[in-house]
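>>> Everything below, folded, please.
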Amino acid sequence: MAGVLPGDVLVAINGVEPRDVIEYRQLVDEANPVLELERAGLPLELQVQKASGAHLGVELSDAVFDGVTTCDNHCEFCFIYQLPKGLRRSLYVKDDDYRLSFLYGNFTTLTRFTEADLERVVAERLSPLYVSVHTTNPELRAAMLRNPRGAVSLRWLLALVEAGVVVHAQVVLVPGRNDAEELAATLVELALLVPGLASVGVVPYGVSRFSREQLRAHGPEEAREAIEIIEAYDARARRHGGPRAWASDELYLRAGAPMPPLEDYGDLPQLENGIGLTRAFEAEFEGRRSVWEVPGSGFFQAVDGSPALGYRAVRLRRRRSQGRGSAAVVTSTYGAMVLRPLLDRHGYGDVEVVGVANEFFGGNVAVAGLLAGADVARVLDEIHAERVLLPDVCLSNGVFLDGVHVEELDPRVEVVPTNGLALRRALKGVAH
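So this is what the prediction gives:
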């Protein structure tokens, strides 16, 4: 727009060097902003003719320009430490940046949060934020984060909610560490942070075969006990007005327990954290509710100019529908546990659902977002359907986590957006 070309380097707006896309958006909100650019190493100045408040129409390559605030914790349960070598570099970046929390819903521990950060968040109303709490026990939190600041950094959580910033909290639940009585105590203490604390999501610890820790995954009975604690707390919170708390879908699947109905998840504030995802998928498949097609749904804030990162990353550019014909759905083992009964209820019994065991990561990794291309390729020869549907959540720009490109797979593979409505449309024409 207005002469800006791909590859131009933004230097300043109206003489001000923005720190990040948030400040950029405030500067270009003015009428007729003057952009200072570099093109092929040469300076260039452009004045854009536009009304105040109108979008500039430019997408930036980075969300922060002064460097991402990286995480200095060494959490015993961190999945990044469980990645093998050789994956794309971006997967190894541990961010703890409140700006990415606001923009994309990334969870921050607040161990690197400062007075200046608090002042900016409050002044610019950067809300909601997403905070990894894990436990309110100071000594235990420091031990789990392997950072002494973990014991005191939740003071920033209190400061945020007192300043009127909406916060959504997360607890990564580790058996024998922050579960059972510790979990119950954490939920009770978080209940005091009203009304600023809006929700608490509890997700289970994920273990890959590359882990060097002496931790383990939840067994079914432990998962059921955690769900009982969470649901008992949430029932009280609904009666007395405390922050809502939910167990992730993964905990229910591990426990073999029925998930709550969709209406129990409110406005789905932790959908991208795997909380309420199954019920939302079912509702979309059945045409009862649209979640993913609402602009701005999910975690991130729709800030003009924000690059398509994180949950907004481009999943695929090709592999459109091949038309009609017999179909199979390839997904994770957890995905298959959800899809098979859903398709059976709606007369799609002839559609094969293939739950792919994640041999690449191993351990208890069983979610669709961590499917590897090698594992998908391994099962394709056993599938005889004319069309093979694959959820796009396992791809980034058409590439799996293990570097396999979807174009390298069987040409029958069609990539489908990971929502119920898209799957229903993809199955249109399949006899049922």
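
>>> which residues in this protein form helices?
Assigned by DSSP state H, the chain shows helices spanning 21-28, 98-104, 115-124, 138-145, 155-162, 180-190, 220-240, 249-255, 277-285, 333-345, 373-380, 420-426.

>>> could I have stretch 39-57 exported to PDB, CA atoms only?
Only the C-alpha atoms of stretch 39-57 are listed here, as PDB (Å, rounded to 0.1, in the frame of the first residue of the first chain):
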ATOM      1  CA  ARG A  39      14.900  -0.400   0.600                       C
ATOM      2  CA  ALA A  40      17.900  -2.300  -0.700                       C
ATOM      3  CA  GLY A  41      20.000  -0.400   1.900                       C
ATOM      4  CA  LEU A  42      18.900   3.000   0.800                       C
ATOM      5  CA  PRO A  43      16.700   5.400   3.000                       C
ATOM      6  CA  LEU A  44      13.200   6.100   1.700                       C
ATOM      7  CA  GLU A  45      10.400   8.300   3.200                       C
ATOM      8  CA  LEU A  46       6.800   7.800   2.300                       C
ATOM      9  CA  GLN A  47       3.700   9.700   3.500                       C
ATOM     10  CA  VAL A  48       0.600   7.500   3.500                       C
ATOM     11  CA  GLN A  49      -2.700   9.200   2.800                       C
ATOM     12  CA  LYS A  50      -5.300   7.700   5.100                       C
ATOM     13  CA  ALA A  51      -7.800   8.800   7.700                       C
ATOM     14  CA  SER A  52      -7.200   8.600  11.400                       C
ATOM     15  CA  GLY A  53      -8.100   5.100  12.700                       C
ATOM     16  CA  ALA A  54      -8.000   3.500   9.300                       C
ATOM     17  CA  HIS A  55      -5.800   0.400   8.900                       C
ATOM     18  CA  LEU A  56      -2.500   0.900   7.000                       C
ATOM     19  CA  GLY A  57      -2.700  -2.500   5.300                       C
END
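
>>> So what touches it?
Outside of stretch 39-57, the residues within contact range by Cβ atoms under 8 Å, 6 or more residues apart in numbering are 1-5, 7-9, 11, 28-38, 304-305. For glycine as for every other residue, the C-beta is placed from the backbone atoms N, C-alpha and C.

>>> Enumerate the positions of it that are buried.
When neighbours are counted by 16 or more other Cβ atoms under 10 Å, the buried residues of stretch 39-57 are found to be 44, 48, 50, 56.

>>> As CSV, the residues you listed with pLDDT would be great.
Shown next, in CSV, are the buried residues of stretch 39-57 (pLDDT from 0 to 100):
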residue, pLDDT
44, 93
48, 90
50, 90
56, 87
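
>>> need the residues you listed in a markdown table with distance to residue 156, can you?
As requested, those are exported to a markdown table (distance: Cβ to Cβ, whole Å):
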| residue | distance to residue 156 |
| --- | --- |
| 44 | 41 |
| 48 | 37 |
| 50 | 37 |
| 56 | 33 |
